[in-house]
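K.L.:
no FASTA, just this:
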């Protein structure tokens with residue numbers, strides 16, 4: 001099975017020092033490749049999610065003071081965007097390829113999602129294998145990966161739920177492959193990880 005096609009030259013774009021040059025390189029070279037992958041897996045992700053998903057490419061801000069640290073393509077139930085909604089995301093950073101479930105931005109949906117996570121925390125903790133490589137990326141510095149999450153603990157899921165409270169940063173969990181591992185990751189591997197993460201996404205999507 002062929003790999004996803006991301007190699008050393010792709011990840012090296014994040015090492016460009018000048019913020020504007022990095023943003024231009026990511027937009028012109030890496031984003032089209034990531035969009036091609038995302039289009040290829042859209043139907044599969046919709047099946048995994050149990051609903052029609054819509055693709056939302058990353059917005060790359062060309063700012064002198066802040067070089068882009070992450071390139072994300074998100075998939076959500078809305079064609080208008082994913083702010084405040086649960087999303088599945090494929091992301092690239094300097095050292096990693098990610099498959100993520102997240103909620104970013106405020107919306108009336110966040111409180112029902114928080115309550116649903118609190119209610120289902122014990123059940124999520126019993127999932128075991130699907131969440132064994134889970135990491136929490138809220139507040140991540142885009143360099144060294146966060147430690148593996150204690151997803152077998154109900155207390156962990158209560159902490160994740162608290163991130164959905166008003167004024168809190170939201171939810172961002174998933175798994176990551178190193179840039180070396182990413183060379184051999186195939187589309188089926190990526191969809192398999194999202195299949196593991198699907199119970200969390202469906203819980204959030206069904207709330208409210």
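P.N.:
Great, that's in hand. Values in this document were obtained by computation on a predicted structure and should not be read as measured data.

K.L.:
helix/strand/coil for residue 173?
P.N.:
With DSSP: H, G, I helix; E, B strand; the rest coil as the basis, the three-state label of residue 173 is strand.

K.L.:
Doesn't residue 119 lie inside a helix?
P.N.:
Yes. If the criterion is three-state DSSP, then residue 119 is within a helix.

K.L.:
Counting neighbours, what do you get for it?
P.N.:
The local packing of residue 119 (other Cβ atoms under 10 Å) involves 12 other residues. Quick note: C-beta positions are derived from backbone N, CA and C, even for glycine.

K.L.:
Residue 80: what secondary structure?
P.N.:
For residue 80, the assignment made with three-state DSSP gives coil.

K.L.:
buried ones in stretch 73-83?
P.N.:
Buried residues in stretch 73-83, counted by 16 or more other Cβ atoms under 10 Å: 73, 74, 75, 76, 77, 82.

K.L.:
got the end-to-end distance for it?
P.N.:
In terms of Cα to Cα, to the nearest Å, the two terminal residues of stretch 73-83 are separated by 13 Å.

K.L.:
what's the average pLDDT for it?
P.N.:
Over the span of stretch 73-83, the pLDDT mean works out to 97.

K.L.:
now what about that stretch, what contacts it?
P.N.:
Residues lying outside stretch 73-83 but in contact with it, judged by Cβ atoms under 8 Å, 6 or more residues apart in numbering, are 34-35, 38, 42, 45-46, 49, 51-58, 85-91, 102, 104-107, 205.

K.L.:
Among the residues you listed, name the buried ones.
P.N.:
Among the contacts of stretch 73-83, those classed as buried by 16+ other Cβ under 10 Å are 34, 38, 42, 45-46, 49, 53-56, 58, 85-91, 102, 104, 205.
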